[in-house]
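Sequence plus the predicted model coming up.
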Amino acid sequence: PGELTQGDRGACRTARRFFRRRFPDARPRPAAGPLFSPCALRYGRSEPPTGGDRKGLAMHDIRVIRDDPAAFDASLARRGLSPMSPEILALDTERRARINAAETAQAEQNRASKEVGAAKARGENAEFERLRALVGAKKDEIAALQAEAEALDARLRELLLTIPNLPLPQIPVGRDENDNVEIRRWGEPRALDFTPAEHFEIAGVRPGMDFATAAKLSGSRFVLLSGGVARIHRALAQFMLDLHTTRHGLRETWTPVLVLPAMMEGTGQLPKFGEDSYQTREGWWLIPTAEVTLTNIVHGDLVDHATLPRRYVAHSQCFRSEAGSAGRDTAGMLRQHQFEKVEMVSITDAASGLDEHAHMTACAEAVLESLGLPYRTIVLCTGDMGFGARITHDLEVWLPGQNRYREISSVSYCGDFQARRMNARYRPADGGKPEFVHTLNGSGLAVGRTLIAVLENGQQADGSVELPAVLHPYLGGATRLGADGALA
């Protein structure tokens, strides 16, 4: 123990060549010592490189699946999914067998190489030719085994990429939104002595919310805002940013809206949900939310524990194909291909994850409360949770025009699920082994949907709209949107 045999050294050289090809852009680990130990190689437990090469990472810890496949499948069953550990472990066993076979062949090649010179020195030509042929055969065998291991590794990785995060034990089991559980409510819907209109039907809104021209320009699920409505929309985004940065301590950030495929993969949009987003001919993807860019700030990084939590907020354009929403919310601007959102992201550690989730939920709730908009907070059941979440709180705002609560924010704790895809780690304060960060994201809020809620909840019988007091300074002192569409 603790000493390398000649065969082990050969195996390590083989593995190094294999992983250099597999992870060409990876940076070496900062810690001293060998990158791969013989034990790690032998049992397939090598650590992924610290660099941001997306091809080398798994979304689920394969060791956890090996150690307790039944528990892994039980967690998937809570999401309504069939067992997947047999397929995962079969691929993993094949992959590790090829790696072990390559190690054995490398050791045999090393021994034969050592004996070639000795045979030649002794003048044993027949033995020399036999050993030389053996060296060549072993070289070909090693190359074939490495290629098979790489192919199996790719298949395993692609399979793991499609498996969702595992819900926390306390999440209610259910099939869909009907099984979600309400946690609390805030505010009472205003009693109206007239029949409330939906946002796009309010007299004062119609001049500034043009769907016909937007359809001429871009097709369905787009809107052209102008005049007072456009200014309220802008004011809402500015108010949200100011609230989050001054009261909640989030760091304002402006990010690109075009990203590399690895960034979409890091947060879980790819490869499974590519049809929900837009890709350019050059290969960039338009972000569906600033969660993608804000979370990937730490992609491939090793950050100091003392810098956590990192709390970001960004106002951005967002783009979604709404591939699975045909026929849903076709009227108005509730569901659009292009919209704006103020997004919150936190990067933290495992111990702080759930506390940070409560904090982020409170940040989103504070926006609605400041605007005086009645809402309820619910916890999503296992069947309604997003792909990357371990727990999600949805905030649903009251829309009198629809006489129902509608989603305006989702706040999710992802654990280390996204961090594994991004290879994002932190160095513990005590100097221990680097650990994966934990990530959270939430809308704070969707600007267009907040505009809808402000318009519908503030509407008056004459078609005007009374606006929340916190927006007045952003509107030059205007307090209402007149029935003619002008701010006054």
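Thanks, I have the structure now. Here the structure is a predicted model, which means the values were calculated and not measured.

in the stretch 201-350 of the chain, what spans have low per-residue confidence?
Where the stretch 201-350 of the chain drops to pLDDT under 70, the residues are 323-324, 326.

how about the strands in it?
209-210, 224-225, 251-252, 258-259, 278-279, 285-286, 302-304, 310-319, 338-348 (DSSP state E, counting those that start in this stretch).

Give me the nearest residue to residue 366, chain neighbours excluded.
Nearest residue to residue 366 in three dimensions, chain neighbours excluded: residue 243, at 6.7 Å (C-beta to C-beta, 6 or more residues apart in numbering). No exception for glycine: its C-beta is placed from N, CA and C like everyone else's.

if I read this right, the one you found contacts residue 371, doesn't it?
No: when contacts are counted by C-beta atoms under 8 Å, residue 243 is not listed as touching residue 371 (9.9 Å).

okay, the two: which has more neighbours?
The residue with more neighbours, out of residue 243 and residue 371, is residue 371; 25 against 20, by other C-beta atoms under 10 Å.

close enough to count as contact, that one and residue 469?
No: using C-beta under 8 Å, residue 371 makes no contact with residue 469, being 9.2 Å away.

Am I right that residue 164 falls within a strand?
No: counting by DSSP: H, G, I helix; E, B strand; the rest coil, residue 164 is located in no strand; its state is coil.

check contacts around it.
Applying C-beta atoms under 8 Å, 6 or more residues apart in numbering to residue 164 gives the contacts 76, 79, 81, 385, 387-388.

out of those residues, which are inside helices?
When those are checked against helices (DSSP state H), the matches are residue 76.

Just the closest of the contacts of residue 164 to residue 239, please.
residue 388 (28.6 Å; C-beta to C-beta).

how close does the closest one get to residue 270?
12 Å (C-beta to C-beta, to the nearest Å).

can you check residue 143 too?
Between residue 143 and residue 270 the computed distance is 31 Å (C-beta to C-beta).

ok, the two, which is more surrounded?
residue 270 (20 against 13).

ok, for the more buried one, nearest residue in space, not its chain neighbours?
residue 264 (4.3 Å).

need the contact list for that neighbour.
Here residue 264 is in contact with 270, 274, 277, 285, 292 (criterion: C-beta under 8 Å, 6+ apart).

let's see 7 Å
Counting by C-beta atoms under 7 Å, 6 or more residues apart in numbering, residue 264 makes contact with 270, 285, 292.

Apart from its neighbours in sequence, what residue is nearest the last one?
When you say that, I think you mean residue 292. Closest to residue 292 by C-beta to C-beta, 6+ apart is residue 267, at 5.0 Å.

How many residues are close by the one you found?
Neighbour tally, residue 267, other C-beta under 10 Å: 28.

what's the answer for residue 118, then?
Residues contacting residue 118 under the criterion other C-beta under 10 Å number 12.

And residue 480, how close does it get to residue 368?
For residue 480, the distance to residue 368 - C-beta to C-beta - is 20 Å.

Repeat that for residue 456.
In terms of C-beta to C-beta, residue 456 sits 14 Å off from residue 368.

so which strand or helix has residue 131?
Per DSSP states H and E: residue 131 is located in helix 125-161.

buried stuff in that helix?
Across helix 125-161, burial judged by 16 or more other C-beta atoms under 10 Å covers 128, 131, 134-135, 138, 141-142, 145-146, 148-149, 152-153, 156-157, 159-161.

residues contacting the nearest residue to residue 201 once chain neighbours are set aside?
Closest residue to residue 201 apart from its sequence neighbours, by C-beta to C-beta, 6+ apart: residue 401 at 7.2 Å. Going by C-beta under 7 Å, 6+ apart, residue 401 touches 196-199, 456.

Out of the residues you listed, give me the one that has the most neighbours.
residue 199 (28 neighbours).

Return the per-residue confidence for that residue.
Predicted confidence (pLDDT) for residue 199: 98.

With residue 429 instead?
In this model, residue 429 carries a pLDDT of 87.

Looks to me like it is in a strand.
No: Residue 429 is assigned coil when assessed by three-state DSSP, not a strand.

Could I get the phi/psi values of it?
Taking degrees, to the nearest 10, you get phi -60, psi -30 for the backbone angles of residue 429.

residues contacting the closest residue to it other than its chain neighbours?
Nearest residue to residue 429, sequence neighbours excluded (C-beta to C-beta, 6+ apart): residue 305, at 4.6 Å. Applying C-beta under 7 Å, 6+ apart, we find residue 305 in contact with 349, 426-429.

who wins for most neighbours among those residues?
residue 426 (24 neighbours).

Would you quantify the distance from the most centrally placed residue in the chain to residue 147?
By C-alpha atoms, centre = their mean, the chain has its centre lying nearest to residue 267, at 2.2 Å. Distance, residue 267 to residue 147, by C-beta to C-beta: 31 Å.

now swap in residue 211 and tell me
Counting by C-beta to C-beta - residue 211 and residue 147 are separated by 55 Å.
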